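Q: quick check, what structure comes out for this input:
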Amino acid sequence: MDLRSLVVLLAVAGAAQSQAPPLPMEAKLENVWARFGVGSIIETELVTETRVSGEESAQLPASDAGHASGGAGLFGFETGVTRQIRTQTVIRRDSRQVVVRLEIKIDGQPATTGHIMKIPLVNVATPESPARRPRSIGREKVTTPVGEFECAHVQYEHREDMATGIADLWYARGLPVPVKATETATLFDGALEMKRTEALRRVVRNEPSPNPDPAESGRLPFNPSRDAQLGDWAVYTTSPRPQVLNPPSGRIDRVTKVDGNVVVVTQTLVDASGKPLLDPLIVNLSRTDAPIDLDLGGYMDGEQKVGKFVDDPLTIDGRRFACTKLSFSDRFITHGEVWYAPDVKVTGLVLEKRQSGPKSPVDEYVLAGFGASEKTLWGRSPADIFGNSSE
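A: As a prediction, the model looks like this:
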């Protein structure tokens, strides 16, 4: 693995962590992202220096120790200095959450696929590990290309599976990311040393709309999970393709847990006899918040594209469903469409179509029935379609 791959891996993995670097107490009084509307941009420059530690270098042949301009390094990791531009763009927003796309551009190369982060704007209690509790250093002025900021300086130590380190962060009021951050870390039990410095480079803040429309929030106009109950189910059929090994014959969605406002759904692809083909997919939905378009269509990353919600009723087996349709594409699907209806149990999905290429066949998942526990409310049950092995 080269240094570029390592830096991308660490950067995206860090962005995906549910516990971001802790904020000082004064910044916890509100989620500062609430001040940033759709189209807002925060850009930082991160410089990372990786080298084999002095102790390890002495024990390795010169060809393995690497060099400042980028050598072979330890365990196959190149050493040297890498610069990256990290751009965070607000792409969805309403009163409850902000959705941010992170793009990473390393050493002038094309930007990597973006990572999507959902940031709640409501108070969410999260336990803070003593190992991650910040230590207040004081107040300091920090100068960046954006300007000079009066900052709260905090420090914390972290210990992960492969790395330990100390990070210093400088936070300014009104900004959701540190104005400046430095970190010194060791990897692989001290075999590699890494130093990172990140500084604010650009800020574009759009005022949030007082009443975000569906295009800004991205939320489905209704919430199919609002009245979800344990045991609710929906079943879908598809036409297996002979050229695919062990093709699915359908999918069974079940509500397996309801914990307050959180609805846990298990989605299982099954064969013609109702036996699972893969491990079930676990999806968390909400009774209070409708899902957003990025959750409904395609693989959520920087290459995902979604259209607008449009009313498009469907009739299946004689029943008319008042559907909302959404078109999408991603890195795997060149064209896809999904239809959702408020009166369908579990997720609300009525029909899904997707095509992996212009000449590829169209895969469809069609609603065949839904119900509550042992009761079928419409259509057929999984046992009716696949037999008792699906129960």
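Q: Pro178 and Glu160, how far apart?
A: 19 Å (Cβ to Cβ, to the nearest Å). Yep, even glycine has a C-beta here, placed from its N, CA and C like the rest.
Q: equivalent analysis for Pro208, please.
A: 35 Å.
Q: so Val350, which state does it fall into?
A: When classified by DSSP: H, G, I helix; E, B strand; the rest coil, Val350 comes out as strand.
Q: give me every residue that touches it.
A: Leu314, Ile316, Phe321, Cys323, Trp339, Tyr340, Ala341, Val344, Leu367 (Cβ atoms under 8 Å, 6 or more residues apart in numbering).
Q: tabulate the residues you listed in TSV, adding columns for distance to Leu220.
A: Compiled in TSV, those are given as follows (distance: Cβ to Cβ, whole Å):
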residue	distance to Leu220
Leu314	16
Ile316	19
Phe321	14
Cys323	11
Trp339	11
Tyr340	6
Ala341	10
Val344	12
Leu367	16
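Q: which of those residues fall within strands?
A: Counted as lying in strands by DSSP state E, out of those, are Leu314, Ile316, Phe321, Trp339, Tyr340, Leu367.
Q: strands along the stretch 201-350 of the chain, start to end?
A: 232-237, 250-259, 262-270, 281-286, 305-306, 310-311, 314-316, 319-321, 324-329, 335-340, 349-355 (DSSP state E, counting those that start in this stretch).
Q: for the fifth one, name the packing helices and strands.
A: When you say that, I think you mean strand 305-306. helix 293-296, strand 324-329 (3 or more Cβ pairs under 8 Å, 6 or more residues apart in numbering; DSSP states H and E).
Q: what comes into contact with the last one?
A: The one in question is strand 324-329. Taking Cβ under 8 Å, 6+ apart as the rule, strand 324-329 contacts 220-222, 293, 296-298, 304-312, 335-341.
Q: hmm, back to that, CSV for the contacts of Val350, including pLDDT and neighbour count?
A: Compiled in CSV, the contacts of Val350 are given as follows (pLDDT from 0 to 100; neighbours: other Cβ atoms under 10 Å):
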residue, pLDDT, neighbour count
Leu314, 97, 16
Ile316, 96, 17
Phe321, 98, 21
Cys323, 98, 23
Trp339, 98, 22
Tyr340, 98, 25
Ala341, 98, 21
Val344, 97, 20
Leu367, 97, 25
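Q: out of these, who's nearest Leu285?
A: Lowest distance from Leu285 to the contacts of Val350 (Cβ to Cβ) belongs to Tyr340, with 12.2 Å.
Q: double-check the closest one against Leu351; I have them as touching.
A: No - applying Cβ atoms under 8 Å, one finds Tyr340 not in contact with Leu351, separated by 9.1 Å.
Q: give me the common contacts of the two.
A: Common neighbours of Tyr340 and Leu351, using Cβ under 8 Å, 6+ apart, are Cys323.
Q: can you tell me, leaving aside adjacent residues, what's nearest to Ser239?
A: Glu364 (6.9 Å; Cβ to Cβ, 6 or more residues apart in numbering).
Q: and the spatially closest residue to Thr256 that is not a sequence neighbour, bridged to which residues?
A: Excluding the flanking residues, the one nearest Thr256 by Cβ to Cβ, 6+ apart is Thr266, at 4.7 Å. Here Thr266 sits in beta bridges with Arg254, Ile282, going by DSSP bridges.
Q: burial check on Thr266, number of neighbours?
A: Neighbours of Thr266 under the rule other Cβ atoms under 10 Å: 16.
Q: again with Thr237
A: 18.
Q: surely Ile166 is in a helix?
A: No - using three-state DSSP, the assignment for Ile166 is strand, not a helix.
Q: look up which residues are beta-bridged to it.
A: Beta-bridge partners of Ile166, as defined by DSSP bridges: Glu157, Thr184.
Q: circling back to that earlier point, of Pro208 and Glu160, who's got more company?
A: Per other Cβ under 10 Å, whichever of Pro208 and Glu160 has more neighbours is Pro208, with 20 against 11.
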